[in-house]
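Student: here is a sequence with its predicted model. Questions after.
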Amino acid sequence: MTDLTDLGVAAIRDGVRDGSFSARDVADAFVGAVAAAKPLNAFLVETPDHARAAADAADAARAAGETPKPLAGVPIGMKDLFCTKGVETTAASGILKGFVPQYESTVSGKLWAAGAGMLGKLNLDQFAMGSSNETSAFGNVVSPWRRPGDTAPMAPGGSSGGSSSAIAARLCPAATGTDTGGSIRQPAAFTGITGIKPTYGRCSRYGVVAFASSLDQAGPMARDTRDCAIMLEAMAGFDPKDATSLDLPVPAWEAGLNADLRGKRVGIPKEYRVDGMPAEIEALWQQGIDWLRDAGAEIVEVSLPHTRYALPAYYIIAPAEASSNLARYDGVRYGQRVLPDGAGLQDMYAATRAAGFGDEVKRRILIGTYVLSAGFYDAYYTQAQKVRTLIAQDFEAAWEQCDVLLTPTAPSAAFALGEKSADPIAMYLNDVFTVPSSLAGLPAMSVPGGVDKDGLPLGLQIIGKPLDEQGVLNAGLAIEQRAGFVARADKWW
Amino acid sequence: MSVEPHTVKRVAGLARIAITDAEADRLAPELGNILGWIEQLGEVDTSGVAPMTAVIPNHLRLRPDAVTDGNVRDRVLANAPQAEHGFFTVPKVIE
Amino acid sequence: MTEFTYRIRGATGDWEVVIGLEVHAQITSNAKLFSGAATAFGAEPNTQVSLVDAAMPGMLPTPNRECIRQAVRTGMAIDAVINKWSRFDRKNYFYADLPQGYQISQLYHPLVGEGSVTIVLDEKDPNSPVKTIGVERIHVEQDAGKLMHDQHPTRSYVDLNRSGVALMEIVSRPDMRSPAEAGAYLSKLRSVLRYVGSCDGNMDQGSMRADVNVSVRRPGEELGTRTETKNVNSVRFVMAAIEHEANRQVAVLEDGGRIVQETRLFDPDKGVTRSMRSKEDAHDYRYFPDPDLLPLELDDAFLDECRASLPELPDAKRARYENDLGLSRYNAAVLTAEVETARWFEALLGEGGSDVSAKSAANWLISDLFGALNRLGKSVADSPVSPAQGAELLRLVADGTLSGTLSKQVFEIMLETGQGANAIVEERGLKQTSDTGAIEAVIADVMAKNADKVADYRGGKDKLFGFFVGQTMKAMGGKANPGVVNDLLKKALG
Ligand SMILES: [Mg+2]
Ligand SMILES: [Zn+2]
């Protein structure tokens, strides 16, 4: 019998449905894999009971002849940015240590309602701020990937680094991620898995610890496109509890999968050919173009002239929103409180926040506070929101010429932990290809395209029109079928 | 762009994050770098451009005026570092 | 108009006072502005709090339609511009009564723009000037929670029941020039809100409170530096705070000092304002549009419904009472000042129908009913006598059954017993008589017993006529129609 942890979402779902194996066996297999993978530090909390209870419910329902739920028997990992009722949720920050939500996020609730079980809460960059998973208060997440002949721990990407590492290491078949400026796509690219950020407003933000409200979007991470489609169908949907949620039906994305791209036009944005892009990335991008042409698509060059301003605009808007969103962590109603002797209320705030937030979180709060402060608001924030309009208009114009865009996901393969953490801007530049579509709220996904000279995964990004997740998934599927990406990390943990 | 340590301390004060002089000295050039990098946005001609409001066309829904929540004091106070007699408590504030 | 000009007479000359008010009015709604928790006053601590109000991680605001509707109706009631496109901003600051670390408010694009409120300085003076006070804007925002400092020696207690309750902030232009004008403006605004039904106006429960901006200057000169006295919670206190603060500023300036722009508190016990230490912190609220909320766009159907649902407002009602009902300006003003009074008065007219004149109803309500309510310490809303009962009484006066004196007697009995006027008149025989035969018999008897006085009267002592009226009425037990008695006496005495 195959190792059940080698199976993806669709295979597990179908196997449980047709009785090839029990959901309980699947849950036990993954629970064991999670327990045996401590060196990856992917899980902050393990919840084997949750996974097993969902599995038992799936088995019982099958035995009773009930119509199976969409994710019956599928155990998943939950990024610890999603509040889970009764299970500690920290956003990987010391300031939320010990916080046990009395409520369930809409997205996690939808997954449980669809029959999925939870293996545990996944580590991440603190408050989702980071691109390497080095800002967690509970230690770095380590990628299962290594450079040949080298044991240096590699970055799984961030902020959804626990999710990417766990999926790549076969600790779970799928996980939730959140993406503010690339936090699903970049870690997916770094670890050779697939992840999609849907259109802003598709997945409810209710119960998701906020980083930057106008950008935050939940999405699935899994091993392939089909699994992402299945997961996204369960996660998406209108939620009256989120004012920015889109009141639209959820398309049948899995059923709509179709890798035949005849009649489709794929845009190649020329501004994404950035200076100093590694030749391997260039080559992969060209390979991706060829694959999509092979799938029947017409390739057109397009221009997104404001691309180079996306990152600086993002590093105004996201920190500004974060500085305000994180004001609620003050030691009064939940989380950690630091009360120095004789301290008044305001001193308590300052001490609590100094002790509870990590360096990167503080850095972004300070930037955000600065750009919103008196006299600077228009020059920074208003200007950034105007540039954001221009970036969105660039995409609008591109859609006149094409249906989806193809770009590399990240400007490099994964780097070793510690390699970039000393230089914030170098770290921020990791998101150069993912941030523009985040600013425009567009659906975008990363699919594995190949490996670099060290055998480390590289990802290709597909960006779609608003609400056209189907077009994105289909292009992703076309690449997936041609890339035949089968590389996986050797187990060392 | 150069950011002075006293500016860092003022901003940290606004953000209610206690920082030492040494931290302010360390953070000043770091924030200066980041803000300097951000400032390239000033190059963009945005005259006549409206700031982004809703990234995906959508309108603000208004909910009916019905009491559907509350009466969950135990859940509200469940995670409080300190609570007494149904209140959160904080160090005494003098107004 | 000059006689109304208010001046502070300083040692170095006259000073003019410039006043603007920012009024926070709680919007009447069942649920909070951005959550489904209740808004009722006086609940147990932290029971009317949702996880949204407590700013739990990942909680999001969803706006309450009724709060927006009431703010729009209020704007329409003061003839203000309604902005069909507005949005919510975050005002960032740290305080224990502010769980999110920011207040959701509206700075850049408020829901309601320019409007105005008219005030009359002296209601009793028919020639009193009318003044228009500009309203700059009305924006919608969340209230904060409450901090209590007296429960524990070293701790303050936080109650979030009010956290997230909807407020309108009504910002006036600096158009007021005296404490009396500010008082009249606040009273009028309160009256309008209560007519509209957008705020209950209960200042003692904090439903309405004013931030008072005061500066002084030499008449005709540039505006001086202002101070803001926060959260003053009665019309009287607003007037007292202005009086004190303006005089304080004049004293400072005449002393060669300068006014510091600052936030102050009014101490109602001492009648003084004082600087607020805890809010000295540099104000830098870092306002920016709330990214959890989209722009608020209102369509014509929504605005049409808001407009159609507005009641007749106090100014229009007062004009109608004067012009159509023929009431005096003063009576019209008194009857329309409070929506409950106007409602009671109109119910009384409705019950009275064509039998009862508006004038007599107005007079009775203002003198008799108000007098009684004052004595009982009640308001018109909890009057022990209903409009139907009032109309029953007035009908008996109108048809001559009761004299003025008798009607007052009957009204007292109504208040004591709760009985209707007809029943009281029947039971106690308080009916006034116009039976000439009976009255003539009594007159004959009075004249027979006082033959000497009859002679004196006939001899020219006219003043004795009152004596005969009194004796006759007394003998009739007060129930004779005084007009008939007069006529018959004149005839009998010759
Ligand atoms: Mg104000
Ligand atoms: Zn206000």
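Tutor: Here it is on my side, so go on. Note that the coordinates shown come from a computational prediction; the quantities given were computed from them, not determined experimentally. Ligands and ions are numbered 1, 2, ... in the order given.

Student: looking at chain C, what residue ends up closest to chain A?
Tutor: Here chain C gets closest to chain A at one residue, C:Gly101, 2.3 Å apart by C-beta to the nearest C-beta. All C-beta spots, glycine's among them, are computed from the backbone N, C-alpha and C.

Student: for the stretch 51-200 of chain C, what lies in contact range of chain B?
Tutor: Counting by C-beta under 8 Å from any C-beta of the partner chain, the residues of the stretch 51-200 of chain C close to chain B are C:51-52, C:54, C:62-68, C:87, C:94, C:96, C:147-149, C:151-160.

Student: and those residues, which are buried?
Tutor: C:51-52, C:54, C:62-64, C:66-68, C:87, C:94, C:96, C:147, C:155-160 (16 or more other C-beta atoms under 10 Å in any protein chain shown).

Student: filter the residues you listed down to the ones in strands?
Tutor: Residues of those located in strands (DSSP state E): C:Leu147, C:Arg155, C:Ser156, C:Tyr157, C:Val158, C:Asp159.

Student: residues in contact with the first one?
Tutor: Okay, so that is C:Leu147. B:Val90, B:Val93, C:Ala96, C:Asp97, C:Ser156, C:Tyr157, C:Val158, C:Asp159 (C-beta atoms under 8 Å, 6 or more residues apart in numbering or on different chains).

Student: of the residues you listed, which pair is most distant in space?
Tutor: Across those, the two members that end up farthest from each other (C-beta to C-beta) are B:Val93 and C:Asp159, 13.4 Å apart.

Student: name the spans of chain A whose pLDDT lies under the cut-off.
Tutor: Scanning chain A with the threshold set as pLDDT under 70 gives A:1-2.

Student: swap in chain B?
Tutor: B:95.

Student: ok, now chain C?
Tutor: Along chain C, segments meeting pLDDT under 70 span C:1-4, C:277-282.

Student: who in it is up against chain A?
Tutor: Counting by C-beta under 8 Å from any C-beta, the residues of chain C near chain A are C:51, C:54-63, C:90, C:92, C:94-96, C:99-102, C:156, C:158, C:281, C:284, C:286-288, C:291-294.

Student: just the buried members of the residues you listed?
Tutor: Judged by neighbour count, with buriedness set by 16+ other C-beta under 10 Å, the buried members of these are C:51, C:54-63, C:90, C:92, C:94-96, C:99-102, C:156, C:158, C:284, C:286-288, C:291-294.

Student: returning to that earlier point: do I have it right that the residue of chain C closest to chain A meets A:Ser324?
Tutor: Yes. Because the distance of 7.0 Å satisfies C-beta atoms under 8 Å, C:Gly101 is recorded as touching A:Ser324.

Student: need the residues touching each of these two.
Tutor: What both C:Gly101 and A:Ser324 touch, as defined by C-beta under 8 Å, 6+ apart, is the set C:Asn92.

Student: all strands for the chain, in order.
Tutor: Unless you meant another one, I'm taking chain A. Shown for chain A, the strands assigned by DSSP E span residues A:43-46, A:75-79, A:117-122, A:174-179, A:194-197, A:217-222, A:265-269, A:298-302, A:404-408, A:444-451, A:457-464.

Student: switch to chain B, please.
Tutor: In chain order, chain B shows strands spanning B:83-84, B:87-91, with DSSP E as the criterion.

Student: so which of the ones you listed is the most surrounded?
Tutor: When those are scored by mean count of other C-beta atoms under 10 Å in any protein chain shown, the highest mean neighbour count falls to strand B:87-91 (a mean of 23).
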